[in-house]
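S.K.: Sequence first, predicted coordinates after that:
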Amino acid sequence: MQDKGSELVAIRRPGTSISSAGLRQLRSHWPFAIVAVVGAVLIFTNLGSDYLWEDEGDTAALASNILKFGVPKAWDGGAFLDSDHGARLNRDLVMVTHPWIQYYLSAASFLVFGENTFAARIPFAIAGWMSILFVYLFVWRLFGNRLTAFSAAALLVFSVQFLLYAKQCRYCALNMLLVVWLFWTFFKMNSARDCVLFILASVFLFHTHPYGIAPVVALGALSLIYRPFVIQRRWILFATPAIALLTLPWLALSSLSSSGSALNTTAAQSAGEFIERCAQAFIESTSVTPLIGSIILFLIAALSIRWKRKDTIDPAPSDPASAEQQVAPRFFETNETALLLSALLTIVFYGLATAITQSSDSLWLAGMRYGSAVLPLAAMVAALAIAKVSRTSVLFSILLLLVFGLTKLAQLTPWVAGNPSGLIHFGKYSVGAHVPAKIVDRFLGTGLTAYVRDLWRENPGTVAKSCKFLRENAKPGDVLIVNYGMEPTYFYTRLPQAMGILKEYPVYQRARELKLPERVFGVDHVRWIVWRSAWETGPGYAINDVLRELTERGGRIVTVMEMEETVWENREDIHFHRFSDGTYLFPRTETFPMSRIARVDW
């Protein structure tokens with residue numbers, strides 16, 4: 001599995017593609033073929049089994065409306081669907097805060113496969129699986145080393161966080177695929193065609209999620225100061241205006257047409273708070289990637305080379321030629337340094353982007369959702385670290401790969417295992433690490449075992465149970481009140497929803513001007529109530545407010561079902577993910593009473 005290393009230009013050298021090498025070269029990649037097959041099994045198995053969770057429901061519901069209106073409208077005549085109370089919408093009730101690629105991708109899938117869970121997730125699952133392929137091909141062509149490329153791809157397959165992101169009907173998998181494509185086009189950018197591809201990758205990354213501009217800025221900045229990127233520097237200067245032209249207008253449109261961006265971002269109020277946010281961003285990135293283990297391996301490799309130089313170099317050689325022969329090789333080759341700097345600077349820029357716009361509490365709750373592109377980059381860095389320590393030993397490389405993939409020793413988790421609460425205080429500021437409840441889970445990758453087990457099990461949460469009940473008992477046209485999870489509930493039941501817009505919502509006046517039905521603003525003709533105990537006042541009203549108004553209008557409320565409250569149908573973040581036996585790797589911060597479904601008789 002070992003090939004001779006290559007120079008920086010090797011990635012664009014003709015004749016290096018798999019297809020041109022013929023059957024013999026294809027056979028030489030059989031270890032990766034196994035990784036690709038295993039990755040496909042882990043990503044695609046029972047893809048449509050579990051219900052969409054709340055954020056996925058947002059993508060699916062708006063994608064469904066694209067098929068009706070051509071744009072992601074929050075109102076289709078049945079339900080008003082915007083979890084930010086209309087702050088993300090323009091005057092036509094079109095969602096303009098978040099870029100649209102994920103919604104149109106889901107809509108295209110619905111056209112092919114119908115509107116169902118599998119169709120909602122399959123394009124993103126394909127993107128996640130292709131990330132594995134792209135990582136392998138990029139690393140192999142950059143270094144000419146199949147073992148390093150194999151390690152990078154395998155580390156992604158071993159990552160439960162990567163697998164969870166890959167199975168989400170959300171932008172995370174697109175970020176992971178596009179950032180690898182961005183790196184690929186950047187490293188081989190030496191023509192107008194390459195420059196166009198770099199522009200496309202940059203624009204797609206941004207329109208997948210605005211934080212996707214972070215790697216573009218990182219690579220552009222590095223090209224200006226890192227000498228081996230002198231060729232890329234010229235093309236970056238051509239690409240920058242085009243990228244700005246195709247991205248900045250969206251920011252202007254979003255800011256001028258809605259208040260969603262302001263609602264979902266918060267600026268730090270002091271330098272101390274900003275440092276707190278940066279620390280939390282560091283915690284999130286090192287909790288699900290092997291960055292700490294990579295740093296340790298690089299230090300070990302550097303010390304090993306230093307000791308070797310002391311042992312092998314004669315302090316006063318008599319022959320200049322022999323002195324030249326005794327000089328130890330460089331620690332990093334040019335390609336290796338280029339990738340390492342590019343990946344690490346991109347990771348730093350993602351951390352800064354999230355720290356500038358999100359509070360530390362928000363970062364703790366969101367995890368690496370906004371920076372999911374960090375995962376494949378961290379895998380490539382870790383593969384390089386493994387290669388540096390193991391050198392030409394395949395057995396040692398596989399051993400390190402297993403340690404990185406099947407334990408948490410390369411992550412932050414075991415290094416804070418002695419602090420079960422995870423809270424770290426410094427003055428009046430604090431950050432939170434994620435520490436599993438069980439000691440064994442703090443050191444071993446038990447999440448992968450649970451993930452594999454769940455591939456063949458159903459894992460219903462509150463959304464699944466309530467939607468199944470409504471499909472069995474509600475009649476078409478029955479009006480529903482639900483205080484959380486409106487989007488997935490509507491996607492699965494298509495029941496019209498009431499009390500979707502209150503007077504204090506920013507969209508209220510415009511909704512009145514558009515003459516939305518009266519039930520959207522109140523309890524008219526309500527037949528069913530799905531009340532989620534974890535979100536008692538989430539929409540701006542409490543259950544007692546609803547019951548009082550219904551009773552005053554002559555309604556009689558009968559509780560017909562109680563169900564466990566799972567807070568979310570299932571989170572994409574490993575720190576909050578619920579496995580099929582109802583267990584969590586990380587402790588839940590709070591438990592809630594049973595949620596209820598009630599019928600209203602008039």
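M.R.: Thanks, I have the structure now.
S.K.: contacting residues for V416?
M.R.: 422, 424, 433, 435 (Cβ atoms under 8 Å, 6 or more residues apart in numbering). C-beta here means a position set from N, CA and C on the backbone, and glycine is covered the same way.
S.K.: give me that answer again for 6 Å
M.R.: By Cβ atoms under 6 Å, 6 or more residues apart in numbering, the contact list for V416 reads 433, 435.
S.K.: Next: Q102.
M.R.: 59, 171.
S.K.: Could I get the phi/psi values of it?
M.R.: Main-chain dihedrals, Q102, degrees, to the nearest 10: phi -60, psi -30.
S.K.: ranges for the helices of the stretch 1-150 of the chain?
M.R.: Ranges of helices in the stretch 1-150 of the chain, per DSSP state H, counting those that start in this stretch, are 18-27, 30-44, 54-69, 101-113, 117-143, 146-158.
S.K.: Could you pull out the buried residues of stretch 181-197?
M.R.: 181-189, 194-197 (16 or more other Cβ atoms under 10 Å).
S.K.: for the one helix or strand T489 maps to, the distance to its chain's centre please.
M.R.: Element membership of T489 [criterion: DSSP states H and E] is helix 486-493. How far helix 486-493 lies from its chain's middle: 23 Å, per Cα atoms, centre = their mean, to the nearest Å.
S.K.: low pLDDT regions in this protein?
M.R.: 1-23, 309-329 (pLDDT under 70).
S.K.: Strands along that one, start to end?
M.R.: Taking DSSP state E as the test, the strands found in the chain are 423-426, 429-432, 479-482, 526-531, 556-563, 595-601.
S.K.: Who does the fourth one pair with, and is each partner parallel or antiparallel?
M.R.: Strands adjacent to strand 526-531 in the sheet, as given by DSSP bridges, are strand 479-482 (parallel), strand 595-601 (antiparallel).
S.K.: Distance from the first one to the middle of the chain?
M.R.: In this view, strand 479-482 has its centroid 31 Å away from the chain centroid, taken as Cα atoms, centre = their mean.
S.K.: And for stretch 424-440?
M.R.: 22 Å.
S.K.: on that earlier part again, and of the helices of the stretch 1-150 of the chain, who's closest to V216?
M.R.: Relative to V216, the nearest member of the helices of the stretch 1-150 of the chain by Cβ to Cβ is helix 101-113, separated by 15.4 Å.
S.K.: Would you mind giving the orientation angle of the closest one with respect to helix 117-143?
M.R.: 120 degrees (axes from the mean of the first three to the mean of the last three Cα atoms, to 10 degrees).
S.K.: between helix 101-113 and helix 54-69, how big is the angle?
M.R.: 70 degrees.
S.K.: Show me what counts as buried in helix 101-113.
M.R.: In helix 101-113, the ones that count as buried by 16+ other Cβ under 10 Å are 101-107, 109-110.
S.K.: Same list (those residues) but as CSV, adding distance to V139.
M.R.: Shown next, in CSV, are the buried residues of helix 101-113 (distance: Cβ to Cβ, whole Å):
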residue, distance to V139
I101, 26
Q102, 27
Y103, 32
Y104, 31
L105, 26
S106, 30
A107, 34
S109, 30
F110, 35
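S.K.: before we move on, the earlier item: export the strands of the chain to JSON lines and tack on mean neighbour count and distance to G128?
M.R.: Conversion of the strands of the chain to JSON lines gives the following (neighbours: other Cβ atoms under 10 Å; distance: least, Cβ to Cβ, whole Å):
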{"stretch": "strand 423-426", "mean neighbour count": "12", "distance to G128": "32"}
{"stretch": "strand 429-432", "mean neighbour count": "18", "distance to G128": "28"}
{"stretch": "strand 479-482", "mean neighbour count": "25", "distance to G128": "30"}
{"stretch": "strand 526-531", "mean neighbour count": "24", "distance to G128": "31"}
{"stretch": "strand 556-563", "mean neighbour count": "13", "distance to G128": "31"}
{"stretch": "strand 595-601", "mean neighbour count": "19", "distance to G128": "31"}
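S.K.: Relative to R27, which of those is closest?
M.R.: strand 429-432 (48.8 Å).
S.K.: List of residues touching the closest one?
M.R.: Contacts of strand 429-432 (Cβ under 6 Å, 6+ apart): 272, 276, 279-280, 283, 360, 364, 422-424.
S.K.: Mind giving me the PyMOL select for those residues, buried ones only?
M.R.: Per 16+ other Cβ under 10 Å, the buried members of the contacts of strand 429-432 correspond to this PyMOL selection:
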select buried, resi 276+279+280+283+360+364+422+424
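S.K.: Find the pair from the contacts of strand 429-432 with maximum spatial separation.
M.R.: G272 and G422 (20.0 Å).
S.K.: Next step: the buried residues of stretch 181-197 restricted to helices.
M.R.: 181-187, 194-197 (DSSP state H).
S.K.: Just the endpoints, please. Distance across stretch 545-561?
M.R.: Distance between the boundary residues of stretch 545-561 (Cα to Cα, to the nearest Å) amounts to 20 Å.
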